[in-house]
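A.B. asks: Dropping a prediction and its sequence here:
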4 protein chains.
Amino acid sequence: MAKLKVGIIGTGFVGRAHVEALRRIGNVEVKAVVASSLESSKKAAAELNVPGYYADYLKMLEEEDLDIVHNCTPNYLHFPINRDFLEAGVHVFAEKPLVMNTKEGRELLEIIEKKELYTGVNYNYRHYPLVKEMQNQVQKELGKILHVQGHYLQDWMLFKTDYSWRVDPEKGGKSRVVADIGSHFCDLLQYLTGKKISRLIANTKIVYSERKKPLSEVKSFAKADAESAEYEEYQVETEDYASILFELEDGTAGSFIVSQVNAGHKNDLFIEISGSKKSINWSQEKANHLFIGHREQANQDLVRDPSLLAGKAAERCYYPGGHIEGWSEGLKNSIKDFYDCIRENGDPADYDFATFADGQQEVKITEAILKSSREEKWIEIE
Amino acid sequence: MAKLKVGIIGTGFVGRAHVEALRRIGNVEVKAVVASSLESSKKAAAELNVPGYYADYLKMLEEEDLDIVHNCTPNYLHFPINRDFLEAGVHVFAEKPLVMNTKEGRELLEIIEKKELYTGVNYNYRHYPLVKEMQNQVQKELGKILHVQGHYLQDWMLFKTDYSWRVDPEKGGKSRVVADIGSHFCDLLQYLTGKKISRLIANTKIVYSERKKPLSEVKSFAKADAESAEYEEYQVETEDYASILFELEDGTAGSFIVSQVNAGHKNDLFIEISGSKKSINWSQEKANHLFIGHREQANQDLVRDPSLLAGKAAERCYYPGGHIEGWSEGLKNSIKDFYDCIRENGDPADYDFATFADGQQEVKITEAILKSSREEKWIEIE
Amino acid sequence: MAKLKVGIIGTGFVGRAHVEALRRIGNVEVKAVVASSLESSKKAAAELNVPGYYADYLKMLEEEDLDIVHNCTPNYLHFPINRDFLEAGVHVFAEKPLVMNTKEGRELLEIIEKKELYTGVNYNYRHYPLVKEMQNQVQKELGKILHVQGHYLQDWMLFKTDYSWRVDPEKGGKSRVVADIGSHFCDLLQYLTGKKISRLIANTKIVYSERKKPLSEVKSFAKADAESAEYEEYQVETEDYASILFELEDGTAGSFIVSQVNAGHKNDLFIEISGSKKSINWSQEKANHLFIGHREQANQDLVRDPSLLAGKAAERCYYPGGHIEGWSEGLKNSIKDFYDCIRENGDPADYDFATFADGQQEVKITEAILKSSREEKWIEIE
Amino acid sequence: MAKLKVGIIGTGFVGRAHVEALRRIGNVEVKAVVASSLESSKKAAAELNVPGYYADYLKMLEEEDLDIVHNCTPNYLHFPINRDFLEAGVHVFAEKPLVMNTKEGRELLEIIEKKELYTGVNYNYRHYPLVKEMQNQVQKELGKILHVQGHYLQDWMLFKTDYSWRVDPEKGGKSRVVADIGSHFCDLLQYLTGKKISRLIANTKIVYSERKKPLSEVKSFAKADAESAEYEEYQVETEDYASILFELEDGTAGSFIVSQVNAGHKNDLFIEISGSKKSINWSQEKANHLFIGHREQANQDLVRDPSLLAGKAAERCYYPGGHIEGWSEGLKNSIKDFYDCIRENGDPADYDFATFADGQQEVKITEAILKSSREEKWIEIE
């Protein structure tokens, strides 16, 4: 089987994680990387042991004969890069959110209609083994879904001195916390239930109307060096927090909250689906456990153990029970699922990865949340 | 010091727990009980080792020289009993919710205005030691409150065959889950933050439009004997579930959900208050622990240990750290706080118990939730 | 049914807890208390609302017509008080350890042989509802017991300035941590498995060869006021820590550790019994949960919920699932079980309380542990 | 910097994990693999995308110009392979246990004395970020170590039908559970405290004197297909369980248990070190958390978050706090530490990996445990 040839655009935290994941799944050749300048591209290529590097992604597109490109850039570059590679006939695996607004998303979906191309959005939490198990149980054993709930809470934007490019609407989009992590929650929920969010009402809040933006660049999640750094006041227009009530297409009620200013919560994605026979919840920070709640018997703690799982849930385990798997294995599974589909020339409906159509659904929800909060009323999502 | 003379109306699960708590605080004499019939009153008096018993609470009011009455009856009896004893000059400690609607609540508050009487509502969760500690920390160390959230989830109404008097609006009121347990959450939240809920939007759901009502009586929380029992179809008009977005009087955003159909959650009351310096959360099912979340240091797990606490939080502990305290000690503290105020002829503002004015606030919120869900819009609470 | 007439000797933390528990079980009359002086007895009687008080327990024995006495004194008084009341024909419910050495124990057992008296030792942890459930499952569903293990860890003796009467061998006995809390572990283990510890090897350690003894009295578990207090150096001869390997009478291997110098562990009693079909563990600090471990299915978290339990385990629950019960309910159950046996004129073998014969077994084990550590070899327990 | 050329011997679960880890650390070229036959070597090479494959490791040694070999074979092959590559001047990174007995270990250490070679044993748990943090805190902040304890519990040998090559003393050695996982515990303990175990007493047990050995081959941790398989009775001579009391070289007391027949425990490695200022514990199954226990303040839950850590502990984190890292990152760190030392021509004492001298210490302890259990007495370890 020929190796798939891959280019990586964006070499920050997540771009590097993609490279590592690609090497773990095997039979893939990372041909070239693109960072923000020729110098940084060259440096990243050397560090990552990748042969090619470019300052300009279009030049990489022209010069390398790529099968697949991974778009790991800041949000404002998602649309043009996704578009250019799709138009050139390259499969695209893109970081979330798919694009900055639904107009961009529609344009991408139109391009795809005319092409035989695979598109994936890295909603990686779908690909944890116990999430697959949860999906199986939700759809086969839970009974009628009564209600759903959850949250996605972080604390890396807690202080006024916390700043990243995501705060700037021109780079991150009009929504911050909803687009960044709320979209993960919504994608996961819809994946697990097989039902779309059809209407919602939201309340979003900006905690600091002004943040202190460091005059030099900072990485996401990195500690600000508050003492020595120089700052400018930056007018914040994007939300730090949102709480949302919603209904699924069949009328099932749900709710969730997202925040990046919630002290002590590092990457606290939690989702519970309550059914007429049992309830199931999963927390990313306890990724190796699935809680199954019962009315008439003891609750259950299902640990990630291939010998306790079956089918795809078992296949996505790499180590025996109790040997903790985490974020990197989830990413590996996410990318592997997309590559499996390409190699098998499969139908994405038979796989678990989020397509660009799924990505567009999250963009719609994000826009509806902002609108609902502004207008203080329930919004339907077409 | 003279013993306070007390009458108990209602001898179900919670009425009996009141009697036991009164004996644990000491220097109180339970003079008489009233159950649903003379026979059952006599039986309860014998079992509880109480000298007096009556079929009619007015007769007890007339014949016994009571200082305080405990109203532990079903919701529809809260108003008339509270009213009759207040008018007769007896201090009243009432189970929640205070009354079935705000009209009844206003009438009680008018009576009190003219009397020098103490009134308490048994919002018992205020009185756990770590809840007091949480209040202290929220008000002194948390910084600015950024947002609040929580839930109160149970599963004893999960099945279609689950029924109790609370389902019947004539006995339980127009709201079920919100009045029964949502009111606990709202009371606790407002107690902890010192701020009132001022506006909200809600979505309530009835999971079973019909339930099977047993032809013979059932106790709350008890297992239905599905095989042998005979049922009638009962049209359900009260909610099993509600999700709510709200704002506090200073604009702080919050959300919570309540459900009695959430499998595996037995009495899962959880509340988190997120501040600019730290976040704190407490879960009733882990009552001996307080989680304190930090951004720049390790999170903390404060265990209920009098040597780690101070002031009233320490005083409300009875046993050394690690010797688990729970619901019965919370109830003991709740009643003790009310009795301390009476004995010390104190100002309720200096104590922690919920007054009838606080109880009326929860009734207002309950009405606003039902209205908001019906009208699908934000409702202001005056 | 006539009320049982009870006297209480010792009015510290645990004596007061006994009084409260007696009032919660009902139909008992606490007639008198004995503290360390007439003055303190009078004060305690007033605080506890008990009619009688004595400086001298023999005077109480003479003047009150008691059915039962509760011996809640320091260890060195266990033997003479237990002896005097038994000889006078009064049932005795004694705090643990039963006595200071096996010689005393044998003398008590000889007295009982000739009398028709009930004797109980307050090994209260037997009486938590989920411990009863654990016993049921261990004996009926666990398969063959493969091995057992656990610990009892506290931290109230961590600092050199920590002192209590238990440190003094004349008041506490030659063993400290083993006699005080190790005996709880051994009793619980033997209760759960129905098998006796037959041989063991131990390693005990004294962490501080000298402790600072405050010149004024201190209560157990209370914070020392290190700044202001005056101290004398006290030569420590009793162990702070012990680790033990043992075998049950059928050869099953086990191990446990006890320590009162283990920072952060407040009252951390934990026991696990591993069988050929499943393993079960229970932790006192998570008293409302039972962990059931499986090889071929999800592990289980059984919450204390009367609707999920049956028989005596369900009867020992007072509140619905999720309404946390703890140490006080365990004590209530412990005393109730002893009183039920007396009232029903039952055979102790049909009840769960530890008899004086059981108490003597723990004293034997304690002596064997000290001897084994001294001699560095396995010791048989006859 | 030139890539290091690496050969892998053994392509089971752990050999494949080594290959993946090597690719994640980068700048390494996996040149060839050796499996149990030419056919299986060829298959593994294709699956792992490795150019070379051999049936005979000596042939690989001869034909490939390797810098480093990874010995991922069953225990009985550890000695000859380690020996042959060391003698040929190749650095060796070996799976644990180092060898089957101390005689073999001494022979290896003699070879190394005369060579300038790096040797590493894959005691991978040393290399989790929070283990490094624990080491720092134990050695700098804990005060005097008072006692230590822990366990390593699994359940994959629970049933009589469970079998692997480890049961056969000729392939696995005279010790099973102690050599396999007990050695991990001892290595971790000595690494964390910087002190050696100097004496011990143990009790080992064989749960099934006979096991059913499948007539066809089985993988470790895999589900036996009990229905269809054919078995032979196999006489078991190696232990399923051991409990051990020990002392460190400075007299500190400790204890631990190991079992592979403990239902519900999958890979439950736990270690606690109790000091005079605080206690710290870490559990592999909660690898992203460090528990820090205090007497005079709230306990702490330190989550794996590079912004909360410093030095090597922070460097060993790959993802932001809350993005779960696990077994694969620990292995990556383990191998990376060894490779860093080689590339930097460093002194192993400045790194964290276990050398062959450390590996020999675990073999000594294993032999002492077997001897102590047999002779039922304390054994000194020279």
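C.D. replies: Perfect, I can see it now. Numbering: from 1, shown residues only, chains lettered A, B, ... in the order given.
A.B. asks: now check the longest helix belonging to chain A, is it near chain B?
C.D. replies: Ordering each helix of chain A by length in residues (DSSP state H) puts helix A:356-375 first. No. Under the criterion of CB under 8 Å from any CB of the partner chain, helix A:356-375 makes no contact with chain B; the nearest approach is 9.8 Å. C-betas here are computed from N, CA, C, even on glycine.
A.B. asks: Where does the closest residue to chain C within the stretch 101-250 of chain A sit: helix, strand or coil?
C.D. replies: With CB to the nearest CB, the shortest gap between the stretch 101-250 of chain A and chain C falls at A:Glu133, namely 10.1 Å. With DSSP: H, G, I helix; E, B strand; the rest coil as the basis, A:Glu133 sits in helix.
A.B. asks: That one and D:Ala287: what is the separation?
C.D. replies: The gap separating A:Glu133 from D:Ala287 is 21 Å, by CB to CB, to the nearest Å.
A.B. asks: now swap in A:Ala357 and tell me
C.D. replies: 37 Å.
A.B. asks: Give the residue from these two that has the larger number of neighbours.
C.D. replies: D:Ala287 (25 against 15; other CB atoms under 10 Å in any protein chain shown).
A.B. asks: Quick check: that one touching D:Ser328?
C.D. replies: No. D:Ala287 lies out of contact with D:Ser328 (CB atoms under 8 Å); the separation is 11.0 Å.
A.B. asks: okay, now the domains of chain A?
C.D. replies: A:4-124, A:126-323+A:355-380 (automatic domain parsing).
A.B. asks: possible to save the ones you listed as a markdown table with distance to chain D and mean pLDDT?
C.D. replies: Rendered in a markdown table, the data for the domains of chain A read as follows (distance: least, CB to the nearest CB, whole Å; pLDDT from 0 to 100):
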| stretch | distance to chain D | mean pLDDT |
| --- | --- | --- |
| domain A:4-124 | 4 | 96 |
| domain A:126-323+A:355-380 | 3 | 95 |
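A.B. asks: Next, count neighbours for A:Val138.
C.D. replies: Each residue near A:Val138 was counted by other CB under 10 Å, and the total is 21.
A.B. asks: Identify the residues contacting the helix or strand hosting it?
C.D. replies: For A:Val138, the enclosing helix or strand under DSSP states H and E is helix A:129-140. Helix A:129-140 is contacted by residues A:125-126, A:145, A:188, A:191-194, A:273, A:275, A:278, A:280, A:282, A:287-290, A:292, A:302, A:304, A:306, A:309, A:311-314, A:316-317, A:325, A:333, A:352 when judged by CB atoms under 8 Å, 6 or more residues apart in numbering or on different chains.
A.B. asks: Which ChimeraX command selects the buried ones in the residues you listed?
C.D. replies: Selecting only the buried entries of these in ChimeraX, with 16 or more other CB atoms under 10 Å in any protein chain shown as the criterion:
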select /A:125,126,145,188,191,192,193,273,275,278,280,282,287,288,289,290,292,302,304,306,309,312,313,314,316,317,325,333,352
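A.B. asks: among the contacts of helix A:129-140, which are in strands?
C.D. replies: Within the contacts of helix A:129-140, residues falling in strands by DSSP state E are A:Ile145, A:Ile273, A:Gly275, A:Ile280, A:Trp282, A:His289, A:Leu290, A:Ile292, A:Leu302.
A.B. asks: mind giving me CSV with the residues you listed and columns for distance to B:Asp84?
C.D. replies: Below are the ones in strands among the contacts of helix A:129-140 laid out as CSV (distance: CB to CB, whole Å):
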residue, distance to B:Asp84
A:Ile145, 46
A:Ile273, 47
A:Gly275, 45
A:Ile280, 49
A:Trp282, 52
A:His289, 53
A:Leu290, 53
A:Ile292, 49
A:Leu302, 54
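A.B. asks: Show me the two of those that sit farthest apart.
C.D. replies: For the ones in strands among the contacts of helix A:129-140, the maximum inter-member distance is 21.4 Å, found between A:Ile145 and A:His289 (CB to CB).
A.B. asks: All the helices of chain A, residue numbers only.
C.D. replies: Remark: helices assigned in chain A by DSSP H are A:13-25, A:38-48, A:57-63, A:78-87, A:102-113, A:129-140, A:169-172, A:177, A:183-193, A:311-315, A:327-343, A:356-375.
A.B. asks: Tell me which residues are up against the fourth one.
C.D. replies: Identification of contacts with helix A:78-87 by CB under 8 Å, 6+ apart yields A:9, A:57-58, A:61, A:66, A:69, A:71, A:73, A:92, A:94-95, A:97-100, A:104, A:107-108, A:111-112, A:115, A:117, A:119, A:356.
A.B. asks: Likewise for the second one?
C.D. replies: Under the contact criterion CB under 8 Å, 6+ apart, helix A:38-48 has outside partners A:11, A:15-16, A:19, A:30, A:32-35, A:50-55, D:26.
A.B. asks: Filter those residues down to just the buried residues.
C.D. replies: Applying 16+ other CB under 10 Å to those, the neighbour count classes A:11, A:15-16, A:19, A:30, A:32-35, A:50, A:52-54, D:26 as buried.
A.B. asks: Give me the subset of those lying in strands.
C.D. replies: Checking these against DSSP E, those in strands are A:Val30, A:Ala32, A:Val33, A:Val34, A:Gly52, A:Tyr53, A:Tyr54.
A.B. asks: For the fifth one, which non-adjacent residue is spatially closest?
C.D. replies: If I follow you right, that is A:Gly52. Closest residue to A:Gly52 in three dimensions, ignoring its sequence neighbours and counting by CB to CB, 6 or more residues apart in numbering or on different chains: A:Ala32, at 3.0 Å.
A.B. asks: distance of the one you found from chain C?
C.D. replies: According to CB to the nearest CB, to the nearest Å, A:Ala32 and chain C sit 46 Å apart.
A.B. asks: Repeat that for A:Gln297.
C.D. replies: A:Gln297 is 7 Å from chain C, by CB to the nearest CB.
A.B. asks: right, and that residue touches C:Leu308 too?
C.D. replies: Yes. Judged on CB under 8 Å, A:Gln297 makes contact with C:Leu308 at a distance of 7.0 Å.
A.B. asks: would CSV of the domains of chain A with distance to C:Leu370 be doable?
C.D. replies: CSV is the format used below for the domains of chain A (distance: least, CB to CB, whole Å):
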stretch, distance to C:Leu370
domain A:4-124, 56
domain A:126-323+A:355-380, 38
